[in-house]
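Visitor: dropping a prediction and its sequence here:
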Amino acid sequence: MDASKVSLLAATFILADLLPVALAATGTATFYNPPYVPSACYGNQNKGVMIAAASDAIWGNRAACGRKYRVTCTGRTNGGPWPCNGQSVVVTIVDYCPPGCQGTIDLSRKAFSTIANLDAGKIQIRYNR
């Protein structure tokens, strides 16, 4: 393989690694406690604990139902201690967080605690489908 093909291949891999970050949106996340049913998307079906409720920012008149989002904590929203632990989590949208919702995505307690300290209550996030 000649040098130009190697360079093109290397650039493709670099772009593939950067694309998810480039397409990521920013917002905030809060969390809610069980019970998680009934939900706006699935009624009384239990969809587990790696779930979330979508605010109007991503709800899209129920279009968000069933979508999976990778959510990463990027910082605090107050002057408290640093809440993020460097992890990310994949959640499925199962519910609607009504107007007045305090975050872009309202994560289940388990999902929130996977990426941040629960004591933070609200965090800055990066998220993408």
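Guide: Here it is on my side, so go on. Nothing here was measured: the structure is a model prediction, and the numbers come from that model.
Visitor: so where's this structure shaky on pLDDT?
Guide: For the chain, the stretches flagged by pLDDT under 70 are 1-22.
Visitor: tell me where it has strands.
Guide: Along the chain, counting by DSSP state E, strands occupy 25-32, 51-54, 68-76, 88-96, 105-108, 123-128.
Visitor: would you turn those into a markdown table with mean neighbour count and distance to Ala116?
Guide: To be clear about C-beta, it is placed using only N, CA and C from the backbone, and glycine gets the same treatment. Formatted as a markdown table, the strands of the chain follow (neighbours: other Cβ atoms under 10 Å; distance: least, Cβ to Cβ, whole Å):
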| stretch | mean neighbour count | distance to Ala116 |
| --- | --- | --- |
| strand 25-32 | 19 | 8 |
| strand 51-54 | 26 | 14 |
| strand 68-76 | 19 | 4 |
| strand 88-96 | 22 | 10 |
| strand 105-108 | 26 | 9 |
| strand 123-128 | 21 | 5 |
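Visitor: nearest to Trp82, out of the ones you listed?
Guide: strand 68-76 (6.4 Å; Cβ to Cβ).
Visitor: strand partners of the closest one, parallel vs antiparallel please.
Guide: Take DSSP bridges as the rule and strand 68-76 pairs in its sheet with strand 88-96 (antiparallel), strand 123-128 (antiparallel).
Visitor: how big is the angle separating the shortest one from strand 25-32?
Guide: Angle between the axes of strand 123-128 and strand 25-32 is 120 degrees (criterion: axes from the mean of the first three to the mean of the last three Cα atoms, to 10 degrees).
Visitor: who's in contact with strand 123-128?
Guide: Residues from elsewhere that reach strand 123-128, judged by Cβ atoms under 8 Å, 6 or more residues apart in numbering: 20-21, 23-29, 69-77, 83-84, 104-105, 112, 115-116.
Visitor: much appreciated, bye for now.
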